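Trainee: Let's see this in three dimensions:
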Amino acid sequence: MKQRLLWKLLAVNLPIIGIVIAVLWLAIDILAADYFTDLMVRYKISPAETHQMFLDAIHRYFIQATIVALTIACLLSVILTRKVLKPLSEIGEVTRRLAAGDYSARTTLLPVDEVGELAGAFNRMADSLEHLEGLRRTMVADFAHELRTPLTNIRGYLEALADGVVTPSKETYDILQDEIMRLVRLVEDLNQLNSADAARAYLKREKINLRDYIERALALNRHEFDARSISVDLAFENDAEHIEGDPDKLLQILRNLIQNAWQYTPEGGAFIISANRQTDNIRIEFTNTGSDITAEDTALVFERFHRIEKSRSRETGGAGIGLSIVKQLVEAHGGSVGVTVENGAVSFWITLPA
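Mentor: Take a look at the predicted model:
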């Protein structure tokens, strides 16, 4: 392909070279020859034979000069064109390596021109592909882990029941039911994540009273906050109570963030939800005391299946999907998400169109 493109680029110059040669040829025949004839007449010299000798000599030298010029031009064109095509050739090689599964492949030639911009864009695309591949592998590993634990427990209890090692009892069936519900919740989380991916095309926007929806979402988890003696406060500016959004998706965003708060707020801690109006959106912050989030976590906390607790304990955390769902739904609304850690407190924030 490179050779074909090389010859195509060279062929582009041929019509221009041909036109230049033709113009020069005609200029010599018409202008230079006429000037020569005028000189002959002025000095009373017969121009007949001399004129033809002059044209023949000029044509001969012109042809020789043209051949030399074309040879040099072709050599320079080949050299320069190959230099221009080298980054494209390298990009083609890197593309083949990416297609073969080598996501670390990058192009190293980055000239400061359009080809360099293409190479830079290609490297950024390769970075994204490598990042997505890493997320995919992590997701598969985490998904397998999330499924393995309850399935192993269920299998163990069923084998024990079948062998008579464990006596059938309400406690045993409750344990089995809990493990099955863990699987059900994981499947529901995955379905929610899939719905969040497609939310942009199915949003039903309307005017929403933000305070009412936050109070509704808090009511769903009020028992958990009370059981752990966590104080809950709301702080709203007067003009920060209405936004434009999908009611169902907004409630899902709020429920996930509030659930995340009570799961990670220590007993006797505090949880504050604040909202303030910015230029063209509303910023909502969910701040709770006590946090194990590190700088590394802040960069990955919204990734799918990333879990803050390193032990993967199901007692304090879910499958690591809730915050990813929040990110997808907020961005579907045209907003943004983030997290900050300061003075022993963690604050998740979202912005939504007002």
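Trainee: how near is the residue nearest in space to the middle of the chain to residue 98?
Mentor: Nearest to the mean C-alpha position of the chain, counting by CA atoms, centre = their mean, stands residue 128 at 5.6 Å. Relative to residue 98, residue 128 is positioned 11 Å away (CB to CB, to the nearest Å). For glycine as for every other residue, the C-beta is placed from the backbone atoms N, C-alpha and C.
Trainee: next one: residue 278
Mentor: 40 Å.
Trainee: Which one's more surrounded, the two?
Mentor: The neighbour count for residue 278 versus residue 98, taken as other CB atoms under 10 Å, is higher for residue 98 (19 against 10).
Trainee: which one is the more buried one nearest to, not counting chain neighbours?
Mentor: residue 105 (5.5 Å; CB to CB, 6 or more residues apart in numbering).
Trainee: residues in contact with stretch 163-172?
Mentor: Here stretch 163-172 makes contact (CB atoms under 8 Å, 6 or more residues apart in numbering) with 157, 160, 161.
Trainee: so what's residue 261 up against?
Mentor: Applying CB under 8 Å, 6+ apart, the residues near residue 261 are 271, 286, 288, 348.
Trainee: go with 6 Å
Mentor: Taking CB atoms under 6 Å, 6 or more residues apart in numbering, we find residue 261 in contact with 271, 286, 288.
Trainee: So which of these is the closest to residue 118?
Mentor: Of all those, residue 118 sits closest to residue 286, with 42.3 Å by CB to CB.
Trainee: Residues contacting the stretch of helix or strand that closest one belongs to, please?
Mentor: Using DSSP states H and E, the element containing residue 286 is strand 281-289. Strand 281-289 is contacted by residues 240, 243, 257, 261, 265, 269-276, 345, 347-354 when judged by CB under 6 Å, 6+ apart.
Trainee: Switch the contacts of stretch 163-172 over to CSV; also include neighbour count.
Mentor: Converted to CSV, the contacts of stretch 163-172 look like this (neighbours: other CB atoms under 10 Å):
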residue, neighbour count
157, 17
160, 13
161, 16
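Trainee: Next step: those residues restricted to helices.
Mentor: Judged by DSSP state H, the contacts of stretch 163-172 include 157, 160, 161 as members of helices.
Trainee: Name the nearest residue to the first one, sequence neighbours excluded.
Mentor: Closest residue in space to residue 157, ignoring its immediate chain neighbours: residue 176 at 5.6 Å, by CB to CB, 6+ apart.
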